[in-house]
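Visitor: Compute the structure for the input listed below.
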Amino acid sequence: MRTRVALLACLLSLAPVAALAQAMTVSLSRGSDSVINIAECNDSTLTFTVSSWTLAAQPAAGTFYKVFATSATTCHTTLALPANTVELTGGFRDTGGSLTGPGLSAQNAGSVLTSIGTSCTVGSTPNPLRLCVLVYDSTQQNVVAGAQASGSIALDLARPGTPVNVSAASGDGALNVAWAEPTSGTMPARWTADATGVTSIAGQSCQDATGSSGSCSVSGTTQRSCRIRGLANDGCYQVVVTGFSTTDNASVASAVAYGVPKAVQDFWERYQAEGGREAGGCGAGGASLLSLLALAFVAPRLLRRRP
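Guide: Prediction:
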């Protein structure tokens, strides 16, 4: 699905001549992290919008305001555009009184990033995308010293580490998926396990499950399991686990594991019948899980002692 992200940049309290540089508040419509991730950086449909703004003070008559994007750490203050800077507007002329500009919309961020020399190479650490507003006099031949505003949007192009040791144990119409944390790279903030039906599994007896699929997800860094429900019993499935960073960058998918759901009362169902409340899979749980495990070992011995 195409991603359309609006980057809201509000310019407040920008005084005219001799004013100090003002800050621009920047946030994303999908959240408040102000970060462009890998998928957004590479999405040709990604757009951003600089909203209209209002000046707190009476601007000089005929003043122009222009919006720029740059990969530089600071905004320029000269008429000549420096390298890695692109103008995004033709200028907004003040008509007297407080100014509310028409804003800037539908700018393709991929094109803008290319124009300012920023690459979307995964694993790189580019400078933030900086948005600048400069104030020009009525002739547009002079930049008003100190009258500008800026805000930046960080780019996070790093993947988290890849989950390892994935397994998919049989459940009734389900697969209980477990995995281990990455052996290298950063720890994911959440995990998703995806099961996809396949025609066959080498060395296992199962039926073609093409067209059937399911998934489960868990958040946090402690749980390493979840249960994929709604699968066809005796169907052939392959499972991969993917980790995601706090900015929703996906890891490389894990190695494939295979599983076959079975129409039996499995361990997970027995655990829930005993009052278990763990969120999924075979991860660490509460006292009910421990009790069930103990019962699994003790019950056979008790049966053998009966006369």
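Visitor: going forward, measure contacts and count neighbours with C-alpha atoms only.
Guide: OK.
Visitor: Any buried residues in stretch 119-128, and which?
Guide: Of the residues in stretch 119-128, those buried under the neighbour-count criterion (16 or more other C-alpha atoms under 10 Å) are 119-120, 122, 126-128.
Visitor: Point me to the helix or strand that includes Gly110.
Guide: For Gly110, the host element (DSSP states H and E) is helix 109-115.
Visitor: For the helix or strand following that helix, what does the pLDDT average out to?
Guide: Sequence-wise, the next helix or strand downstream of helix 109-115 (DSSP H and E) is strand 129-136. When pLDDT is averaged over strand 129-136, the result is 82.
Visitor: Are there helices or strands packed against strand 129-136, and which ones?
Guide: Under the contact definition 3 or more C-alpha pairs under 8 Å, 6 or more residues apart in numbering; DSSP states H and E, strand 129-136 sits against strand 64-70, strand 143-155.
Visitor: List the neighbouring strands of it plus their orientation.
Guide: Here strand 129-136 is paired, per DSSP bridges, with strand 64-70 (antiparallel), strand 143-155 (antiparallel).
Visitor: out of those, which comes closest to Thr114?
Guide: strand 64-70 (10.5 Å; C-alpha to C-alpha).
Visitor: Pull that closest one out as CSV, backbone CA atoms only.
Guide: Extracted in CSV, the C-alpha atoms of strand 64-70 (Å, rounded to 0.1, in the frame of the first residue of the first chain):
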residue,chain,number,x,y,z
PHE,A,64,8.7,38.0,0.8
TYR,A,65,8.9,34.6,2.5
LYS,A,66,10.5,31.6,0.8
VAL,A,67,10.7,28.0,1.9
PHE,A,68,13.8,25.8,1.3
ALA,A,69,15.0,22.3,2.0
THR,A,70,18.6,21.5,2.7
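Visitor: Quick check: mean pLDDT of it?
Guide: 83.
Visitor: pLDDT weak spots in this protein?
Guide: Within the chain, the stretches with pLDDT under 70 are 1-34, 44-62, 90-109, 146, 265-307.
Visitor: just to revisit the earlier point, may I see the buried residues of the helix holding Gly110?
Guide: Here helix 109-115 shows 109-113, 115 as buried, counting by 16+ other C-alpha under 10 Å.
Visitor: What of stretch 199-213?
Guide: By neighbour count on 16+ other C-alpha under 10 Å, the buried set for stretch 199-213 is 200-201, 206-209, 212-213.
Visitor: of the residues you listed, closest to Val166?
Guide: Using C-alpha to C-alpha, those come closest to Val166 at Ile201, 16.1 Å.
Visitor: Now do the contacts for that closest one.
Guide: 236-237, 258 (C-alpha atoms under 8 Å, 6 or more residues apart in numbering).
Visitor: Roughly how far does it sit from Gly117?
Guide: Distance from Ile201 to Gly117, counting by C-alpha to C-alpha, to the nearest Å: 47 Å.
Visitor: ditto for Ala154
Guide: For Ala154, the distance to Gly117 - C-alpha to C-alpha - is 15 Å.
Visitor: repeat for Cys216
Guide: Distance from Cys216 to Gly117, counting by C-alpha to C-alpha: 39 Å.
Visitor: neighbour count winner among those two?
Guide: Neighbour comparison, Cys216 and Gly117: the larger count goes to Cys216, with 19 against 15 (by other C-alpha atoms under 10 Å).
Visitor: And the one helix or strand that one maps to, what does it pack against?
Guide: Secondary structure assignment for Cys216, by DSSP H and E: strand 213-219. Judged by 3+ C-alpha pairs under 8 Å, 6+ apart, the packing partners of strand 213-219 are strand 190-197, strand 225-228.
Visitor: Val252: which of the ones you listed is closest?
Guide: Closest to Val252 of the helices and strands packed on strand 213-219 is strand 190-197 (C-alpha to C-alpha; 11.9 Å).
Visitor: Tell me the strands beside the closest one, with direction?
Guide: Strand 190-197 sits in its sheet next to strand 213-219 (antiparallel), strand 237-244 (antiparallel), going by DSSP bridges.
Visitor: any chance you could map the helices in the chain?
Guide: Per DSSP state H, the chain carries helices over the ranges 38-41, 109-115, 267-273, 287-305.
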